[in-house]
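> predicted model and sequence follow; I will ask about them next.
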Amino acid sequence: MYVAATMLAMAEEELLDIDEPISRWLPDLPDADQATPRMLASMTSGYPDHLANADFLTAQAAKPFRAWTEAELLAYSAESPRLFAPGENWDYSHAGYIFLGHVLEAAGGSSFETLLSKYVLDPLNLEGTVMQTPLFGGYQAAVATLPQSQSPIGSVTVSVSVVPGPQSYTAAEWDGALANYTADLATELGRQIVPQNPPPVPKPAP
């Protein structure tokens with residue numbers, strides 16, 4: 001959301017055309033003459049996600065707390081087969097958003113952190129929002145997101161992720177016990193944040 005919002009704000013200032021091929025900014029990227037910033041933002045560019053690469057999943061499972069560089073993640077993406085040509089389908093892709101960040105940096109002449117602050121964080125006074133570093137291996141944890149609860153302090157959504165530890169879990173343990181744990185924790189946090197109107201209790205995982 002933040003990356004796409006930054007892109008649209010820059011487009012309003014005519015720093016880039018979201019329908020122009022990204023070869024203008026990333027000339028050495030495969031298929032850059034067919035992909036556009038709009039496709040990167042809408043995940044229709046076709047660049048494979050590193051989470052679809054079996055070798056990455058093996059490496060990530062062996063060291064779940066390892067911090068990955070962008071170059072490492074993009075290397076796994078490049079090794080994965082393309083599922084479709086740019087603009088012909090949709091597939092969730094971290095790689096596409098990494099490439100979009102590079103496009104914005106090239107078009108804006110600044111780091112993405114600087115652009116994000118200028119176009120999104122500072123105008124909205126989001127002083128408590130920061131860039132997440134280092135990069136971990138995607139979303140390997142169970143996530144429980146609760147419906148929004150209306151309260152005097154505004155709309156509240158609680159999301160909780162559990163990062164896997166060095167031990168291993170069976171599929172049943174991960175899908176059931178840990179999913180229930182994140183849901184319970186998110187619910188309790190919701191009760192504490194919005195005691196006047198606590199969020200509904202999520203249904204337990206099977």
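Nice, thanks for sending it over.
> mind listing the helices in the chain by residue range?
Per DSSP state H, the chain carries helices over the ranges 2-12, 37-42, 54-62, 70-79, 94-108, 112-116, 171-172, 179-193.
> possible to save those helices as a markdown table with mean neighbour count and mean pLDDT?
(C-beta placed from N, C-alpha, C; glycine too.) Shown next, in a markdown table, are the helices of the chain (neighbours: other Cβ atoms under 10 Å; pLDDT from 0 to 100):
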| stretch | mean neighbour count | mean pLDDT |
| --- | --- | --- |
| helix 2-12 | 17 | 94 |
| helix 37-42 | 22 | 96 |
| helix 54-62 | 14 | 86 |
| helix 70-79 | 17 | 93 |
| helix 94-108 | 21 | 95 |
| helix 112-116 | 18 | 91 |
| helix 171-172 | 8 | 56 |
| helix 179-193 | 17 | 63 |
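> between these, which one is nearest to Pro30?
Proximity to Pro30, assessed across the helices of the chain by Cβ to Cβ, is greatest for helix 70-79 (7.8 Å).
> now the closest one and helix 94-108, what's the angle there?
Put simply, helix 70-79 runs at 120 degrees to helix 94-108, going by axes from the mean of the first three to the mean of the last three Cα atoms, to 10 degrees.
> just to revisit the earlier point, looking at the helices of the chain, which is nearest to Glu20?
Among the helices of the chain, the nearest to Glu20 by Cβ to Cβ is helix 37-42 (7.4 Å).
> still on that earlier bit, and Leu29, which of the helices of the chain is closest to it?
Checking those against Leu29 by Cβ to Cβ gives helix 94-108 as the closest, at 6.7 Å.
> who wins for proximity to Pro27 among the helices of the chain?
Nearest to Pro27, of the helices of the chain and by Cβ to Cβ, is helix 94-108 at 10.2 Å.
> tell me what that closest one is packed against?
Contact here means 3 or more Cβ pairs under 8 Å, 6 or more residues apart in numbering; DSSP states H and E; on that basis helix 94-108 packs against helix 2-12, helix 37-42, helix 70-79, helix 112-116.
> and Leu40, what is it in contact with?
Leu40 makes contacts with Ile22, Tyr47, Gly96, Tyr97, Phe99, Leu100, Val103, as judged by Cβ atoms under 8 Å, 6 or more residues apart in numbering.
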